[in-house]
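Trainee: attaching a predicted model along with its sequence, questions to come.
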Amino acid sequence: MKTDDLASGVAEGGGHLDERLAREAAELAGRILETALREQKAGERYHGWKLNRMLGDPNGKAFVISLADQIFRPQTPERAASQFRHLMARFGAPAYLPLHERAGLLGAAAASRVAPELVMSAVAGKMRAETRKVVLPDEDLDLRSHMKRRRAMGARLILNVLGEAVLGEEEAERRLEANMAKLRRPDCDAISIKVSSIFSQVNVLAYEDTLERLKAPLRKLFRAARDNVTASADGSRRSKFVNLDMEEYRDLRLTSDVFRQILDEDEFRGLEAGIVLQAYLPDAFPMQRELTDWAVDRVSRGGAPIRIRLVKGANLATERVEAAVHGWAPAPYRSKAEVDANFKRMLHYACRPEHAEAVRVGVGTHNLFDVAYALVLREREGVAGQVGIEMLEGMANHQARAVEKLAGGVLFYAPVVKRENFDNAIAYLVRRLDENSAPQNFLHDLFGMRPGDGRWAAQRERFLRACRERHGVSSAPSRRQDRRREAVDCARRQSFGNAPDTDWSLECNREWVAEALRRRGRKAPDIIPLQIGGRVVVTGDEAASCDPSRPEQEFYRYHLAGDEEVDEALAVAVSAARNWAKHSILTPRELLIRAAGELARRRGELIATMVSDGGKTVPEADAEVSEAVDFANYYATGMSRPGMHDGTAAVPLGAVVVAPPWNFPLAIPCGGVLAALGAGNAVILKPAPETVLTAWELAKGLWAAGVPKRLLQFVPCPENEAGRRLLTDPRTDAVILTGAHDTARLFKG
Ligand SMILES: Cc1cc2nc3c(=O)[nH]c(=O)nc-3n(C[C@H](O)[C@H](O)[C@H](O)COP(=O)(O)OP(=O)(O)OC[C@H]3O[C@@H](n4cnc5c(N)ncnc54)[C@H](O)[C@@H]3O)c2cc1C
């Protein structure tokens, strides 16, 4: 069992007491389910039956997801109809559907050829109707009557205007206004938003700036919450409530920082607001402690308490994909068992009376064991007034009703979407469906489970185990890349793997690149010379280059080759190519491996250079360094790839000129240079005039890695006669040119 300081630091209460608590909760969970099943309405039973069948029909699930994803987007009914028919041809009418619905789908597909508008409107309407319990229609009448019904049963709603991260400020404004309008409604008490839905340029690299810019829309929302008071059940009047939802790992620190900084402002000291923590992140528990310490202090100084909604986390797939794409460890725990254990640990911490006074808790879960656990724990700790249950609207309403009776209230999380924006609901619906289909998840078993059956027993066992393991689960972050300290792996690789990009969600890496940028700064380097045959050559013919973001200022100067230098470089290259082995004590493979290591070691410097020289953003430049390192490793491992030497032989061409473009100033020249060198050629690197400095830094890195200077020469040329000669001279055996057609024509012999 793993332990760490944080985990052992909160181990409280006797083990046997906790064991009893867990068993009590398991029994209570069974009773909740029994009540829910007894009181389930016919419509809910039918819906549950269908969903349960769908989970056993992967083809049907794929059809539903594709349909939701694809038929709301086309601009014309004809296009939507053709996509609908395509999906029907691909998946067929799903087997999980009852016969009449399957027949309806087949009929609709046929009819969509003659009356696309009519049919597609019916199909879209059916989709909306099927999901309207989970995603509420945001049309005034519908929403008002739904909210009235919920109020009548004593439940509260927290509205979430659906939509993914906004891409522009106009859209952000619209979303902000939609949220403000909700706060102004007399029947709305609370809204949930996420930071990426109110500001379009969330960029953790510009951390302080993003933080400041997020504050403006948040202030508007918090003021609207404060000024639009609402009546509580007991008749008292209180401010409305804004909750900051959590989505990507990247936003965890940012959301928590902006939340605290805003609430620290004088005008909001008396306002209660909320934030979400996702227990699937090992970082969530340390963050809970930080927030709690801060909130305890705030309350001790007369401020209002805050609220934390404790959930497990809904973006598992996104986190995994993002991590795989960039070569990072996924931010969440690896197993559900760890997530469940962390959830219990966080719940215990939250239920301590001294914490619950300052941090109210919303336990956001559909796992009836966890619901029951929260209920018995809050009783034991005497914090029932501070710890509530939150559930998703429409997910399992019969269970929510049973919970509500027992808990004395449930807060329903209610996503809303206007008819014309229904495509905003797709990602939410897919996430919910994903949770329903992951085999270990409670939601997967929800619609077919009975107390005491096999599925119930397995869920019960999972729950009891998590209760036992809550002290042992690690809270060390999964994402730990630290560019300041990492040792570059130069070991001989047997197989290719991509170099990981830099993880900018980590502060240490942001500091690291800021330092590299400061070092590069606005300091102009010495005038860049040519390098021919191992000699530094200055010609007196100089050109200037600027930082594209400051075009009025000269950034650096470099020397240009004339006919004489071109001649000399070609002569050196021809002779060096013939005697490759004599010039290099390393084999091509060894050279490539060392080049990969050297470029990786210089990552910070290369990023800073590309930012000033090529107008690249830091993440773009970072990805280019990864690509350059990948080229080196790929070519190196390629040499021993099975089938590489199956009777074929690599014959060097001789002298190769590499003429890269400015827009990928590192990766493209690096790929060309290393491919040519690895195949036994001698290379003349002729940089793009706009990004000579980047090419110079690349060449310096490769020489430092052991590439002999006669095998890699550096020859900036004007794009006139001298440049043309270099590319078209008969001694030039090959040119690797990446550029526009017009550029290629310039060099036509
Ligand atoms: C009211 C409410 C509000 C919510 N708000 C948010 C929010 O703001 N942000 C957000 O991210 N989610 C939010 N959620 C969703 C929540 O995070 C869960 O995804 C969902 O509730 C399912 O968890 P469970 O406890 O109900 O069910 P369970 O079945 O007990 O748990 C399922 C969860 O376990 C985790 N899990 C499963 N398998 C693995 C694995 N192999 N590795 C790691 N983890 C695994 C995942 O988090 C998965 O969602 C909210 C849920 C509710 C009820």
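Mentor: The structure has been received and is ready for your questions.
Trainee: make it CA atoms for all contacts and neighbour counts henceforth
Mentor: Noted.
Trainee: what's the neighbour count on the spatially closest residue to residue 603 that is not a sequence neighbour?
Mentor: Residue nearest to residue 603 in three dimensions, not counting chain neighbours: residue 625, with 6.3 Å by CA to CA, 6 or more residues apart in numbering. Residue 625 has 28 neighbours, counted by other CA atoms under 10 Å.
Trainee: also residue 319?
Mentor: Residue 319, neighbours per other CA under 10 Å, totals 19.
Trainee: and for residue 451?
Mentor: Residue 451 has 17 nearby residues by other CA under 10 Å.
Trainee: quick one on the thing from earlier: residues contacting the residue nearest to residue 603?
Mentor: 599-600, 603, 606-607, 666-667 (CA atoms under 8 Å, 6 or more residues apart in numbering).
Trainee: how about a cut-off of 10 Å?
Mentor: 499-502, 596, 599-600, 602-604, 606-607, 610, 619, 631, 666-667, 670 (CA atoms under 10 Å, 6 or more residues apart in numbering).
Trainee: buried subset of the residues you listed, written for ChimeraX?
Mentor: Selecting only the buried entries of these in ChimeraX, with 16 or more other CA atoms under 10 Å as the criterion:
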select :499,500,501,502,596,599,600,603,604,606,607,610,619,631,666,667,670
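Trainee: follow-up on the earlier one: which secondary structure state does the residue nearest to residue 603 sit in?
Mentor: Secondary structure, DSSP: H, G, I helix; E, B strand; the rest coil: residue 625 is helix.
Trainee: that one and residue 293, how far apart?
Mentor: Distance of residue 625 to residue 293, computed by CA to CA, to the nearest Å: 41 Å.
Trainee: and what of residue 259?
Mentor: Residue 259 is 14 Å from residue 293, by CA to CA.
Trainee: of those two, who's got more company?
Mentor: residue 259 (21 against 14).
Trainee: run through the residues that contact that one.
Mentor: 211, 214-215, 218, 243-244, 253, 273-275, 291.
Trainee: what about those residues, which are in helices?
Mentor: 211, 214-215, 218, 253, 291 (DSSP state H).
Trainee: which of those residues has the largest number of neighbours?
Mentor: residue 214 (23 neighbours).
Trainee: residue 196 is in contact with that one, correct?
Mentor: Yes. Applying CA atoms under 10 Å as the test, residue 214 and residue 196 come out as touching, 9.2 Å apart.
Trainee: need the overlap of contacts for the two.
Mentor: 202, 255.
Trainee: how about the contacts made by residue 525?
Mentor: So residue 525 contacts 555-558, 693 (CA under 10 Å, 6+ apart).
Trainee: whoops, I mixed them up, residue 539
Mentor: Here residue 539 is in contact with 529-530, 558-562, 564-565 (CA under 10 Å, 6+ apart).
Trainee: report pLDDT for the residue lying closest to residue 154 once chain neighbours are set aside.
Mentor: Distance criterion CA to CA, 6+ apart; nearest residue to residue 154, sequence neighbours excluded, is residue 409 at 6.7 Å. With respect to pLDDT, residue 409 scores 90.
Trainee: does residue 409 touch residue 388 like I think?
Mentor: Yes. Shown here, residue 409 and residue 388 form a contact pair, counting by CA under 10 Å, at 7.6 Å.
Trainee: partner strands of the longest strand belonging to the chain, parallel or antiparallel?
Mentor: Secondary structure of the chain read by DSSP state E shows that its longest strand is strand 410-417. Strand pairing for strand 410-417, using DSSP bridges, gives strand 136-137 (parallel), strand 156-161 (parallel), strand 387-392 (parallel).
Trainee: any idea how far the second one is from the chain center?
Mentor: By that I understand strand 156-161. 25 Å (CA atoms, centre = their mean, to the nearest Å).
Trainee: that one near the ligand at all?
Mentor: No. Strand 156-161 lies out of reach of the ligand by CA under 6 Å from any ligand atom, never closer than 8.6 Å.
Trainee: just the CA coordinates of that strand, formatted as CSV?
Mentor: Provided in CSV are the C-alpha atoms of strand 156-161 (Å, rounded to 0.1, in the frame of the first residue of the first chain):
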residue,chain,number,x,y,z
ARG,A,156,-33.1,23.2,-6.1
LEU,A,157,-31.5,23.5,-9.5
ILE,A,158,-28.1,24.8,-10.6
LEU,A,159,-28.3,25.8,-14.2
ASN,A,160,-25.4,25.3,-16.7
VAL,A,161,-25.7,26.9,-20.1
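Trainee: pLDDT and distance to residue 314 for the ones in helices among the contacts of residue 259 - can I get that in a markdown table?
Mentor: Shown next, in a markdown table, are those (pLDDT from 0 to 100; distance: CA to CA, whole Å):
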| residue | pLDDT | distance to residue 314 |
| --- | --- | --- |
| 211 | 96 | 24 |
| 214 | 96 | 23 |
| 215 | 97 | 26 |
| 218 | 97 | 24 |
| 253 | 96 | 18 |
| 291 | 98 | 21 |
